[in-house]
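just to be clear, the model below is a prediction. Sequence and coordinates:
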2 protein chains.
Amino acid sequence: MLSYTPHELIQVFPIFDESLADFIIEHGESKLFSSDEVMMRPGQFFKYAMLIVKGRVKLYREGVEGEEFFMYYLENGDACALSMLCMARNQSSTIMAVSLEETEVIMIPIQLMDSLMKNYPTWYHFVIETYRSRFEELLTVVDHIAFKNMDERLEWYLKRQASSLGNDIMLTHQEIAHDLNSSREVISRLLKKMEKNGQISMERNTIHWLGLN
Amino acid sequence: MLSYTPHELIQVFPIFDESLADFIIEHGESKLFSSDEVMMRPGQFFKYAMLIVKGRVKLYREGVEGEEFFMYYLENGDACALSMLCMARNQSSTIMAVSLEETEVIMIPIQLMDSLMKNYPTWYHFVIETYRSRFEELLTVVDHIAFKNMDERLEWYLKRQASSLGNDIMLTHQEIAHDLNSSREVISRLLKKMEKNGQISMERNTIHWLGLN
DNA sequence: TTACTAAAGTGACATATATCACAGGAAGAA
DNA sequence: TTCTTCCTGTGATATATGTCACTTTAGTAA
């Protein structure tokens, strides 16, 4: 039993209708993650679908030697597509999800999925839309690593950060390098170029996206 | 009205139950693609979900300058996850699907999706499984281009080809290079190495996967 | 057979990115 | 303040891959 009102829920998940909201409030469980908690880790087996009510979650792929590769953020109104793949055989999905801020999540037990699907058309619309948007996001990720050089990838990365977290991007060069599976020096040099081009300005620990193009 | 018997359909799509098979036979449309036909192209808007009954389809991503990047094959029993994203706004999804052999497809008009979802639980299981498997496949694709060097990617590529098309891989170095968005010379050299390592043997137009590791 | 074409092999060089080594500077701790 | 640590800048060099130029080979058509 959740402590939201249907109205509150619908504000975050506009696709939901009243009856679906009621059902979720009745049967969902609430969970609060503090900042920098690991919410999902490689090899984990999921018993819940997770809906993000508030906060921000970073999803990234881990390489066998501990490399990281940033994929996307989940924010309020999003669901974790991967947690919905929970019914999958317990294949070790090497994906990591980490909260970047305090994050409020609704957990929906997997046993309820079938009944939700059957009885709440808006639920499956929501699920399909979740898959669709993540799928498309993944495709653009593939595009960038398959076809683009690091300078363009960095630019795209910063653009995404800016649109999600605001124009003051509080990340070190090292962190950006991690996310792009590159090295700090390379990123520093490319950032320098972008600064000369007037696309960004830099401070210690922060990059200001000037968003001129 | 399709010319399959429910039994035939269920053989190809084992997850289907009798009533779903009946429904699809009654309302689906059949389409035959000959070899090397473009089945889906960038920017296309879909009015059908496509199920592959027979044949083989190659899905690849196209870069802005005409580069190619192989993603996966669809075979009998598969559905095109992307065609199921049809309800999506008409965003130009820059993906290409080309038949590699004569390919038999069932087309399900998009208007039927809601009713299928609602009335046939096995249908949404099928849809979810389609998404899930393609999503996972995409994730491993991301892994490889993000973390691996060309030699490992080539090896993985050949392994996938072998498991899908058999151990005699009838592709030229040029074609492989295209699929990996690399260049022929690089692929030739790496193949030479693999031959020395005893992983493959080579003939003109064909690579024999020896599958020793 | 001969001629032609597509596929494959190979050396030389170009480029992007990774790596190493180190220096300077800013922020925080003592 | 001084010390220390972390962030950033930068040159030198290594490596993987891409590109160019050319040769060799295998199959095919005449």
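On my side now, so go ahead. Numbering: from 1, shown residues only, chains lettered A, B, ... in the order given.

list the buried ones in stretch A:44-54?
Applying a neighbour-count criterion of 16 or more other C-beta atoms under 10 Å in any protein chain shown, one finds A:44, A:46, A:48, A:49, A:50, A:51, A:52, A:53 buried in stretch A:44-54. The C-beta positions use only the backbone N, C-alpha and C, and glycine is treated the same way.

what of stretch A:71-85?
For stretch A:71-85, by 16+ other C-beta under 10 Å, it's A:71, A:72, A:73, A:74, A:78, A:79, A:80, A:81, A:82, A:83, A:84, A:85.

can you give me the end-to-end span of that stretch?
Stretch A:71-85 has an end-to-end distance of 17 Å (criterion: C-alpha to C-alpha, to the nearest Å).

that stretch and chain B in contact?
Yes - among the residues of stretch A:71-85, A:71, A:81, A:82, A:84, A:85 lie within reach of chain B under C-beta under 8 Å from any C-beta of the partner chain.

among those residues, which lie within strands?
Using DSSP state E, the members of these that fall within strands are residue A:71.

what's the farthest-apart pair in the residues of stretch A:71-85 next to chain B?
Between all members of the residues of stretch A:71-85 next to chain B, the longest pairwise span (C-beta to C-beta) is found for A:71 and A:84 and amounts to 15.9 Å.

tell me how chain A divides into domains.
Residue ranges for each domain of chain A read A:6-146, A:149-209, as given by automatic domain parsing.

right, so of these, which gets closest to DNA strand D?
DNA strand D lies closest to domain A:149-209 among those, at 3.3 Å (C-beta to the nearest atom of the strand).

so for the closest one, mean pLDDT?
Per-residue confidence for domain A:149-209 averages out to 96 on the pLDDT scale.

the helix or strand hosting residue A:59 and chain B in contact?
Taking DSSP states H and E as the definition, residue A:59 sits inside strand A:56-62. Yes - legend: contact between strand A:56-62 and chain B by C-beta under 8 Å from any C-beta is shown at residue A:61.

just the domains of chain A: most buried one?
Per-residue neighbour counts averaged over each of those give the maximum for domain A:6-146, namely a mean of 17 (mean count of other C-beta atoms under 10 Å in any protein chain shown).

do that domain and DNA strand C come into contact?
No - applying C-beta under 7 Å from any atom of the strand, one finds domain A:6-146 out of contact with DNA strand C, separated by at least 9.6 Å.

what packs against the biggest helix by length in chain A?
Longest helix in chain A, counting residues (DSSP state H): helix A:121-147. In terms of contacts (3 or more C-beta pairs under 8 Å, 6 or more residues apart in numbering or on different chains; DSSP states H and E), helix A:121-147 is packed against strand A:68-75, helix A:113-119, helix A:150-165, strand B:56-62, strand B:68-75, helix B:113-119, helix B:121-147.

distance from that helix to the middle of the chain?
The offset between the C-alpha centroid of helix A:121-147 and the centroid of the whole chain comes to 11 Å, using C-alpha atoms, centre = their mean, to the nearest Å.

give me the angle between it and helix A:150-165.
Interaxial angle, helix A:121-147 versus helix A:150-165 (axes from the mean of the first three to the mean of the last three C-alpha atoms, to 10 degrees): 150 degrees.

that older thread, now the two most distant members of the buried residues of stretch A:71-85.
Taking C-beta to C-beta as the measure, these span a maximum distance of 18.6 Å, between A:73 and A:85.

residue A:210: neighbour count?
Look at residue A:210: counted by other C-beta atoms under 10 Å in any protein chain shown, it has 15 neighbours.

quick one: residues contacting it.
A:167, A:198, A:199, A:200, A:201 (C-beta atoms under 8 Å, 6 or more residues apart in numbering or on different chains).

dump the residue contacts of the residue lying closest to residue A:146 once chain neighbours are set aside.
For residue A:146, ignoring the flanking residues on the chain, the nearest one in space by C-beta to C-beta, 6 or more residues apart in numbering or on different chains is residue B:69 at 4.4 Å. Applying C-beta under 8 Å, 6+ apart to residue B:69 gives the contacts A:142, A:143, A:146, A:147, B:60, B:61, B:62, B:63, B:179, B:180, B:181.

which SS class is residue A:178?
Each residue gets one of three states, and residue A:178 gets helix by DSSP: H, G, I helix; E, B strand; the rest coil.

so it makes contact with residue A:62?
No - in this structure residue A:178 lies outside contact range of residue A:62 using C-beta atoms under 8 Å: 11.1 Å.

between the two, what contacts are shared?
When contacts are counted by C-beta under 8 Å, 6+ apart, the set common to residue A:178 and residue A:62 consists of residue A:68.

who's in contact with the nearest residue to residue A:5 once chain neighbours are set aside?
For residue A:5, ignoring the flanking residues on the chain, the nearest one in space by C-beta to C-beta, 6+ apart is residue A:25 at 7.9 Å. Contacts here follow C-beta under 8 Å, 6+ apart; on that basis residue A:25 touches A:1, A:2, A:4, A:5, A:6, A:9.

look up phi and psi at the last one.
Main-chain torsions, residue A:9, degrees, to the nearest 10: phi -60, psi -40.

in this structure it contacts residue A:21, no?
Yes - the criterion here is C-beta under 8 Å, and residue A:9 meets it with residue A:21 at 4.5 Å.
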